[in-house]
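Asker: have a look at this fold, sequence not included:
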């Protein structure tokens, strides 16, 4: 039966998370609508996704709302489904970070065993949401034919090895300011081709510096091309950004600068002068590093079929059919948060 679904985002980095879900819904004959606010306002998903506003979202009465933010408007109808905007990279404590439960969602679609087990424990305690391990929609394109987009992005390398650089916007964790000179020197050498990007929230002056490196040995790309770049690159250079985990799912080596929680699958370093040696090691990974990459990838995202979006839809259907058990009422804190959301969005009309 055809139904209407709503995709919700508050930042541009949610677009590549929601697009595979939109495609899967459209393939099943459903109506797909998107409502973007705050940092995502003005962005759009490709047609036939219909971009709508606040009042249209309320009037739509969608069957479900898929959110790639850490919140969702509670006054819109439908099951509220959390898709996550990144992996757990331990930027913050569990109480403030990835495993914080705000009482807004009915279903958490987790990425892999490392995420599923903690959320199942939280669900057992709270009782007002369900948990299903589906894999992460954003990574579906990593394991599907992208119609040559990755090859096109890689083509200017002319056969050279390809390094991708990505950085978090969190100032105390960002490698972008400290590694700029070292990266610029590597780009100037020209023996490797560089794919450069920054988190959309990074300072404009930092964007200007990195964009200026573009030329015969490097290109700067936007957030919407992130998955294509991950497919195109051989090695990632980053910090504590969740892009590290996304890249590792491909079993490709990662070099990290002052990662907040370095692990065996990372080549972590703290001196910019060491960058050339770290890259050399990444391009010639030993057996121990390869084993660590495999183990971590299996823990965070074992799905390699490119169909996590379909599993998200199936889990939502199961929730709505009552197959995931009876949920308790949301806590009082969710009501208070719902009122805050109404105030922030300036909406006091009728809702769900």
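Answerer: Perfect, I can see it now. None of the values given here were measured: they were computed from a predicted structure. Residues are numbered from 1 along each chain as shown.
Asker: can you list the domain ranges for the protein.
Answerer: 4-141+306-345, 147-300 (automatic domain parsing).
Asker: who are the contact partners of residue 227?
Answerer: When contacts are counted by Cβ atoms under 8 Å, 6 or more residues apart in numbering, residue 227 is found next to 16, 138-139, 141-142, 146, 246. No exception for glycine: its C-beta is placed from N, CA and C like everyone else's.
Asker: ok so, going back, next, format the domains of the chain as CSV and append mean pLDDT and distance to residue 351.
Answerer: Formatted as CSV, these follow (pLDDT from 0 to 100; distance: least, Cβ to Cβ, whole Å):
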stretch, mean pLDDT, distance to residue 351
domain 4-141+306-345, 92, 3
domain 147-300, 94, 30
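Asker: thinking again about what came up before, between the contacts of residue 227, which is nearest residue 288?
Answerer: Set against residue 288, the nearest of the contacts of residue 227 by Cβ to Cβ is residue 246 (22.3 Å).
Asker: so which helix or strand takes in that closest one?
Answerer: For residue 246, the host element (DSSP states H and E) is helix 243-248.
Asker: now do that helix: distance to the chain's middle.
Answerer: Centroid separation between helix 243-248 and its chain, computed with Cα atoms, centre = their mean, to the nearest Å, is 10 Å.
Asker: following element in sequence after it, please.
Answerer: With DSSP H and E, the next secondary element past helix 243-248 is strand 254-257.
Asker: if you count neighbours, what's buried in the helix holding residue 246?
Answerer: 243-248 (16 or more other Cβ atoms under 10 Å).
Asker: so what would you say the end-to-end distance of stretch 182-202 is?
Answerer: 19 Å (Cα to Cα, to the nearest Å).
Asker: what's the first-to-last distance across stretch 47-57?
Answerer: End-to-end for stretch 47-57, by Cα to Cα: 17 Å.
Asker: max pairwise distance over the contacts of residue 227: which two?
Answerer: Top of the distance list for the contacts of residue 227 (Cβ to Cβ): 146 and 246, 14.8 Å.
Asker: now the strands for this protein?
Answerer: Secondary structure of the chain (DSSP state E): strands at 4-9, 31-36, 50-51, 64-67, 79-82, 107-110, 130-133, 162-165, 193-196, 218-220, 235-238, 254-257, 266-269.
Asker: and residue 88, which of these is closest to it?
Answerer: strand 107-110 (10.1 Å).
Asker: elements contacting the closest one?
Answerer: strand 79-82, helix 113-126, strand 130-133, helix 308-320 (3 or more Cβ pairs under 8 Å, 6 or more residues apart in numbering; DSSP states H and E).
Asker: deepest of these, which one?
Answerer: When you average the neighbours per residue for each of the helices and strands packed on strand 107-110 (mean count of other Cβ atoms under 10 Å), strand 79-82 leads with a mean of 24.
Asker: residue contacts, residue 230?
Answerer: Each residue near residue 230 by Cβ under 8 Å, 6+ apart is listed here: 142, 164, 236, 243, 246-247, 250.
Asker: mind redoing it with 6 Å?
Answerer: By Cβ atoms under 6 Å, 6 or more residues apart in numbering, residue 230 lies in contact with residue 247.
Asker: do the same with residue 232
Answerer: So residue 232 contacts 150, 153-154 (Cβ under 6 Å, 6+ apart).
Asker: the protein: helices as residue ranges?
Answerer: Listed in chain order, the helices of the chain (DSSP state H) span residues 15-27, 54-60, 113-126, 149-154, 176-189, 204-211, 226-232, 243-248, 275-282, 287-300, 308-320, 332-345.
Asker: export those as CSV, with columns for distance to residue 72.
Answerer: Shown next, in CSV, are those (distance: least, Cβ to Cβ, whole Å):
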stretch, distance to residue 72
helix 15-27, 13
helix 54-60, 11
helix 113-126, 16
helix 149-154, 30
helix 176-189, 30
helix 204-211, 29
helix 226-232, 23
helix 243-248, 23
helix 275-282, 38
helix 287-300, 24
helix 308-320, 13
helix 332-345, 8
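Asker: cheers, nothing more for now.
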